[in-house]
Every structure is written in C-alpha cells, then in structure tokens.
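return atomic coordinates for the entry below.
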Amino acid sequence: MAAPMSSSRDDRSRRGYEVFLNFRGPDTRLTIIDSLYNDMIRAGICTFKDNEELRFGEEIEGSLLQAINESRIYIPIFSKNYASSKWCLHELARIVELSKDNDEKVILPIFYDVDVDDVKLKTNLYWKALQKHKSDSENDLVKKWKKALKAVARIKGRNLKDHGIEMDEIMEQLDLVAFDVRFIAIHGMGGIGKTTLAKAVFRQISPQFSGAHLIKTRLHGKKVLIVLDDIDNRDQIMRLVGSTLRGKCQSTWKNVLSKLKKVMNEDVKKKLMISYEALDPNQQQIYLDIACFFINQEKTTAIKYWDAVFGYPTEIEVNILTRMSLIKIIDYDELWMHDQLRDLGRDIVHGKVATYV
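This is a model prediction of the structure:
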C-alpha cells in the first residue's frame with residue numbers, strides 16, 4: 001500500500017506545477033538547483049524537482065510526465081555531464097515538443113558550466129556523449145535529442161559558466177582553514193553578477209562559521225562570516241565595519257547603513273550628471289527614452305523610432321552614448337543601461353534631479 005502523501009504535496013499536485021527543472025543531479029543538485037528551487041518555493045512558485053516529488057507506488061515516468069505536461073515554464077540547466085543522462089535528454093525532447101507553437105509554454109535555459117556552443121554540438125563535450133548513446137539507443141531517438149539540444153541552445157538564456165571559475169578563485173583566497181581575518185572584494189560594473197556570485201559563495205561556506213550574519217553583538221572568539229553588498233567607497237566601508245564591531249545596537253547599525261546608502265547614491269548621481277549635461281539636446285532625449293522605455297529592447301526598432309522623430313539617421317547618436325559608456329549594446333543587439341544611469345534618467349523625467357545637482 002502506498003504511503004500517505006503530505007497535505008502540502010497534495011495541494012501542489014491538485015493545483016499543478018508552474019515550473020519544471022530539468023537538470024543532471026550529480027552536477028548541480030547541491031549548488032544551483034537547491035538554491036533555485038528553494039528561492040522559487042519561498043516566492044510561492046509551484047516548482048517540480050524530481051527527487052523531491054517521487055511518490056511511493058508510482059512509476060517515475062508517470063510522475064515526471066505529468067509534471068512536464070502541466071508546467072508552463074521549463075528551466076533546463078546545462079552542465080558538463082548533462083548529455084550523458086538519457087533521462088535529461090528524454091525530458092528535454094518532451095519539453096521542446098510541448099513548447100513548439102505554444103505561446104503559453106516558455107523555455108528559460110541556464111548554461112551552468114558549459115558554453116552555448118557545447119549545447120549546439122559544435123564542440124566535443126555533448127557530441128561525444130550522444131555518440132555513446134548510439135550504441136544502446138535507437139538512431140532516431142538520438143537524432144531527436146540532438147534536435148532538441150540545438151533548438152534550446154538558440155533560445156536566449158543565462159550563462160553562468162564563469163561563476164564556477166570565479167568561485168574557485170575566491171575559495172582559494174579565503175583559505176577557510178586559516179583562523180584570521182580575510183577580506184575579499186568583488187568589484188565591477190553593475191549587472192555582471194557580483195551579488196549572484198557572492199550569494200553562491202555565501203551558501204557554500206556559511207555552514208562552516210559560528211555566525212553568518214551582518215549584525216552580531218558578541219563576536220570575540222568566534223569564526224564569523226560578514227558579507228557587505230553594494231558598498232563602493234573604502235573609507236565608508238571601514239567606518240561601517242568599525243561601527244558594527246564596536247558593539248553598536250542594531251538600530252544604530254541600520255541608521256548608519258541607510259545614511260551611507262543615501263550619501264553614496266547622491267554622490268554617484270552628481271558625477272553622472274556631468275556626462276548627461278555634456279550631451280546635446282537630441283542625445284539627452286535618446287538617453288531619457290532608453291532609461292524609460294527601451295532597456296532590453298532591440299536597438300534597430302528604437303533607432304527607427306528616433307529617425308522618425310528627429311528626421312535624420314540617429315544611429316550616430318546611439319554610438320556616442322555607447323562610447324560615453326552611458327549605454328551598452330548586449331546580446332541580440334539589445335539596448336542596456338546600468339541601474340544607476342536608468343534611475344538618473346527617470347529622476348530627470350520626474351523632475352527630481354534638482355535634489356542632487
């Protein structure tokens with residue numbers, strides 16, 4: 001007789017799954033999969049992860065097939081050994097089949113520690129794995145798997161390959177065996193994944209510390225992990241750390257952090273205004289349009305709009321904004337802008353710019 005199911009699982013089964021995670025367990029289960037799954041559950045998104053939902057007395061094919069069929073969003077996580085798993089490939093082929101010509105089904109691929117070219121079978125990584133499958137699988141089935149891989153590889157996804165290399169470098173620098181103070185600074189422009197990388201390192205090493213919080217009243221003699229995010233000025237960092245470690249109360253610490261954030265934002269915006277004021281009127285208008293309407297939109301579409309508005313070819317204006325690092329052209333020829341530049345533009349439009357000019 002089958003064991004009774006928990007009410008939470010029954011509820012999820014009745015209302016159906018929203019997201020299906022397709023992944024190779026040994027490669028990703030203890031890293032990205034657990035983090036992604038837990039974050040989705042906390043956000044109230046009903047997500048299927050096969051090891052979580054195996055039911056006694058049922059065939060695994062039945063449970064998986066039901067979850068794939070009813071899910072609306074599919075997240076395949078491509079890792080180095082993904083293509084060696086026939087079941088991963090079976091799932092992917094079914095996902096592609098269901099998503100074809102169905103606007104209600106969405107595939108969001110993540111390239112975890114592989115390149116897009118690996119999934120497109122342009123390298124030996126996945127190609128060799130598929131060649132091995134030919135020895136014990138039907139040729140038509142292997143062709144179906146190849147077609148599915150290539151189809152998903154053409155979809156714009158998230159490339160996290162470099163994070164593995166960066167994590168190894170950070171772990172080496174931290175040297176967790178040593179009992180001393182270590183500072184690691186992750187720096188770079190916004191949007192490149194600094195916070196994502198910091199969170200990944202935090203999740204991996206936090207169980208090894210006595211404390212893993214930003215606020216502690218008693219730190220003496222303990223091995224403690226402190227993470228500070230979105231801090232840019234070294235002097236402000238030392239003041240913040242100093243006030244934290246000198247036994248300040250929690251409310252004082254929060255007030256210092258709030259003030260620090262406000263001062264830094266105002267200082268940054270004043271400097272950004274110098275670049276904005278150096279633009280001619282048409283360039284300023286294009287900058288504001290991007291900040292308000294055209295982030296992550298195709299450059300070609302936006303340029304056609306500005307050509308019509310201004311009555312001349314405006315690509316040269318877009319190129320000027322790019323050279324001034326006010327915008328960036330990213331994958332698929334899309335316009336992109338740093339969050340602070342975006343906020344500055346929107347504040348200008350809303351008439352709030354006078355507060356920090």
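
thought L65 was touching I95?
No. Under the criterion of CB atoms under 8 Å, L65 lies out of contact with I95, with a separation of 11.4 Å. Using the backbone N, CA and C atoms, a C-beta is placed for each residue, glycine as well.

the more surrounded of these two?
Here L65 and I95 are compared on neighbour count by other CB atoms under 10 Å; more neighbours surround I95, at 22 against 14.

for the more buried one, which non-adjacent residue is closest in space?
Closest residue to I95 apart from its sequence neighbours, by CB to CB, 6 or more residues apart in numbering: Y74 at 4.6 Å.

that neighbour and E104: what is the separation?
12 Å (CB to CB, to the nearest Å).

and what of K144?
23 Å.

quick one: residues in contact with stretch 107-127.
For stretch 107-127, the surrounding residues in contact (CB atoms under 8 Å, 6 or more residues apart in numbering) are 27-28, 32, 73-80, 82-83, 95-96, 99, 130, 146, 149-150, 152-155, 157-161, 164.

pull out the buried residues from those residues.
The neighbour-count test (16 or more other CB atoms under 10 Å) applied to the contacts of stretch 107-127 identifies 27-28, 32, 73-80, 82-83, 95-96, 99, 130, 146, 149, 152-153, 157, 159-161 as buried.

before we move on, the earlier item: who's more crowded, K144 and E104?
Per other CB under 10 Å, whichever of K144 and E104 has more neighbours is K144, with 19 against 8.

check which helix or strand the more buried one maps to.
Under the criterion DSSP states H and E, the helix or strand holding K144 is helix 139-153.

for the next helix or strand after that helix, which strands pair with it and how are they oriented?
Tracing the chain past helix 139-153, the next element assigned as helix or strand by DSSP H and E is strand 158-159. The partner list of strand 158-159 in its sheet, established with DSSP bridges, is strand 110-111 (parallel).

check the secondary structure at V309 for me.
Reduced to three states with DSSP: H, G, I helix; E, B strand; the rest coil, the structure at V309 is helix.

grab the nearest non-local neighbour of R346.
Nearest residue to R346, sequence neighbours excluded (CB to CB, 6+ apart): A291, at 5.6 Å.

and the pLDDT for that neighbour?
The predicted local confidence for A291 comes out at a pLDDT of 93.

can you pull the contacts of it?
For A291, the contact set (CB under 8 Å, 6+ apart) comprises M337, L341, R342, L344, G345, R346, V349.

now do the last one against A43, distance only.
Taken as CB to CB, the spacing of V349 relative to A43 amounts to 31 Å.

between those two, which one's more packed in?
Here V349 and A43 are set side by side on neighbour count (other CB under 10 Å), and the busier one is V349, at 13 against 8.

sticking with the residue nearest to I95, tell me its helix or strand.
Under the criterion DSSP H and E, the helix or strand holding Y74 is strand 73-78.

neighbours of K299, just the number please.
Applying the criterion other CB under 10 Å, we find 20 residues in the vicinity of K299.

that one and K80: what is the separation?
For K299, the distance to K80 under the criterion CB to CB works out to 34 Å.

go on, I316?
Using CB to CB, one obtains 44 Å as the distance from I316 to K80.

check V152 too.
Note on V152: its distance to K80, by CB to CB, is 17 Å.

kindly report the same for F183.
Applying CB to CB, the value for F183 to K80 is 32 Å.

what's the answer for Q297, then?
The spacing between Q297 and K80, counted by CB to CB, is 34 Å.

just D136 next, same as before
In this view, D136 and K80 are 21 Å apart by CB to CB.

same question, N159
Per CB to CB, N159 is found 14 Å from K80.

do the same with E104
32 Å.

what do you get for K304?
As for K304, its distance to K80 is 42 Å (criterion: CB to CB).

strands along this protein, start to end?
Under the criterion DSSP state E, strands of the chain are mapped to 19-23, 47-48, 73-78, 106-107, 110-111, 158-159, 328-330, 334-336.

name the strands paired with the second one and say parallel or antiparallel.
Okay, so that is strand 47-48. Within its sheet, strand 47-48 is paired with strand 19-23 (parallel), according to DSSP bridges.

average pLDDT for the strand it pairs with?
Averaged across strand 19-23, pLDDT comes to 93.

what does that strand contact?
Here strand 19-23 makes contact (CB under 8 Å, 6+ apart) with 29, 33, 36-37, 40, 45-50, 67-68, 71-77, 79, 82, 88, 91-92, 95.

go again with 7 Å.
For strand 19-23, the surrounding residues in contact (CB atoms under 7 Å, 6 or more residues apart in numbering) are 33, 37, 40, 45, 47-49, 67-68, 71, 73-77, 88, 91-92, 95.

with stretch 86-106 instead?
With CB under 7 Å, 6+ apart as the criterion, stretch 86-106 contacts 22, 24, 64, 68-69, 72-74, 76, 82-83, 107, 133, 137, 144-145, 148-149, 151-152.

what is the burial count for the closest residue to Q297 other than its chain neighbours?
Closest residue to Q297 apart from its sequence neighbours, by CB to CB, 6+ apart: L335 at 5.8 Å. As a burial measure, the neighbour count of L335 was computed by other CB under 10 Å and equals 24.

cool, thanks, signing off.
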